[in-house]
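Visitor: Provided below for reference: sequence and predicted model.
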Amino acid sequence: MADYIEGKRPVLEALRSGMPVDEVFLADNIDRDTLVQDILRKCKQRGVKATDVPRKRLEDLVRKAAPKADADRQRRIADQGIVARCAPYPYAALEEVIANADAQMAGNGRALVIILDHLTDSGNLGAIARSAECVGAAGIVIPNKRSAHVTAATYKSSAGAISHIPVAEVPNITRAMEALKDAGFWVVGATEHADEVLWETNMEGKIALVMGNEQSGLSDLVRKSCDLECKLPMFGQVASLNVAQTATALMYEWLRQNDA
């Protein structure tokens, strides 16, 4: 099913971020202000079709874009006069991520997969994807329900990196962890409740790094399924980092240990 983005600024951001926009629909009576002109220029640069449609057609598209919004909000969205239709993000299968990791292991003796235990913020997903792509991770695994998915915010915060690393959606995180173990991975959970700090944890070879939810961290069931746990040492007054910052630190320690 196609994804829809409504409103001038969100549509412009989707075009700028590299999100796979198929077509942009503009109300035939829309005010061609500076934002609309920017959108049309970006459409031309990217080869995206821009189509003028009757206001009624736009209202129908808004109902698809924001089905949970009440009638007043849908009307306010439609009043902006613009909606973009985007191709669904091409999620990978877990088997593809594992195959990618096996190829990396054969080539350079290391492989990393990032597992996200019900993160809720699409921007955090993008920031993690950016770091994962930078260190050469083989892929990212997310649950297909009650979790952030790839959106325009993900493309923006990943600086386009989300297009260059496979993301697998799975119905069950712990089963995915078991499949990775069967494929030769050690599963390392990042949690403030760990006894070992990161530098004391062996992260050589094939590692699946599990990051928890922004508020509650790793679930109890996921923690029980991990082979190892680790944490970052904290010495400041604010004894925490956000999940994307923490993931980046852990990924680079994995890279350091495997490049030493």
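Guide: Okay, I see it.

Visitor: show me where the stretch 101-250 of the chain has its strands.
Guide: Using DSSP state E, counting those that start in this stretch, the strands of the stretch 101-250 of the chain run over 111-116, 139-143, 167-170, 186-190, 206-211, 228-230.

Visitor: check those strands for me and report the most buried one.
Guide: Of all these, strand 111-116 carries the top mean neighbour count, a mean of 27, counting by mean count of other Cβ atoms under 10 Å. All C-beta spots, glycine's among them, are computed from the backbone N, C-alpha and C.

Visitor: mean confidence score for it?
Guide: For strand 111-116, the mean per-residue pLDDT is 96.

Visitor: what segments of the stretch 51-200 of the chain are helices?
Guide: Assigned by DSSP state H, counting those that start in this stretch, the stretch 51-200 of the chain shows helices spanning 55-65, 71-80, 94-108, 122-135, 152-157, 173-182.

Visitor: circling back: closest to C86 out of the strands of the stretch 101-250 of the chain?
Guide: Among the strands of the stretch 101-250 of the chain, strand 167-170 comes nearest to C86, with 15.6 Å by Cβ to Cβ.

Visitor: rewinding a little: out of the strands of the stretch 101-250 of the chain, nearest to D38?
Guide: Of all the strands of the stretch 101-250 of the chain, strand 167-170 comes closest under Cβ to Cβ, at 29.1 Å.

Visitor: picking that back up, any chance of the helices of the stretch 51-200 of the chain in a markdown table, plus distance to D28 and mean neighbour count?
Guide: Shown next, in a markdown table, are the helices of the stretch 51-200 of the chain (distance: least, Cβ to Cβ, whole Å; neighbours: other Cβ atoms under 10 Å):
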| stretch | distance to D28 | mean neighbour count |
| --- | --- | --- |
| helix 55-65 | 7 | 17 |
| helix 71-80 | 13 | 15 |
| helix 94-108 | 43 | 17 |
| helix 122-135 | 32 | 23 |
| helix 152-157 | 25 | 23 |
| helix 173-182 | 47 | 18 |
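
Visitor: as CSV, those with mean pLDDT and distance to W254 would be great.
Guide: Output for these, formatted as CSV (pLDDT from 0 to 100; distance: least, Cβ to Cβ, whole Å):
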stretch, mean pLDDT, distance to W254
helix 55-65, 74, 39
helix 71-80, 67, 43
helix 94-108, 94, 12
helix 122-135, 91, 7
helix 152-157, 77, 21
helix 173-182, 95, 15
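
Visitor: re the thing from before, E95: which of the strands of the stretch 101-250 of the chain is closest?
Guide: Between the strands of the stretch 101-250 of the chain, strand 167-170 lies closest to E95; by Cβ to Cβ that is 8.5 Å.

Visitor: contacting residues around that closest one?
Guide: For strand 167-170, the surrounding residues in contact (Cβ atoms under 8 Å, 6 or more residues apart in numbering) are 89, 91-94, 96-97, 129, 139-144, 149-150, 176.

Visitor: at 10 Å instead, please
Guide: Strand 167-170 is contacted by residues 89-98, 113-116, 125, 129, 132, 139-145, 147, 149-150, 154, 176-177, 179 when judged by Cβ atoms under 10 Å, 6 or more residues apart in numbering.

Visitor: I'd like the distance between M234 and P88.
Guide: Using Cβ to Cβ, to the nearest Å, we find M234 at a distance of 39 Å from P88.

Visitor: ok, now W186?
Guide: Counting by Cβ to Cβ - W186 and P88 are separated by 33 Å.

Visitor: cool, and K224?
Guide: 34 Å.

Visitor: run the chain-centre distance for stretch 20-39.
Guide: Averaging C-alpha positions (Cα atoms, centre = their mean, to the nearest Å) puts stretch 20-39 26 Å from its chain's average.

Visitor: setting aside sequence neighbours, what's the nearest residue to the residue nearest to the spatial centre of the chain?
Guide: With distances taken as Cα atoms, centre = their mean, the residue of the chain nearest its centroid is L125 (3.4 Å). In this structure, L125 finds its nearest non-sequential neighbour in A148, 4.7 Å apart by Cβ to Cβ, 6 or more residues apart in numbering.
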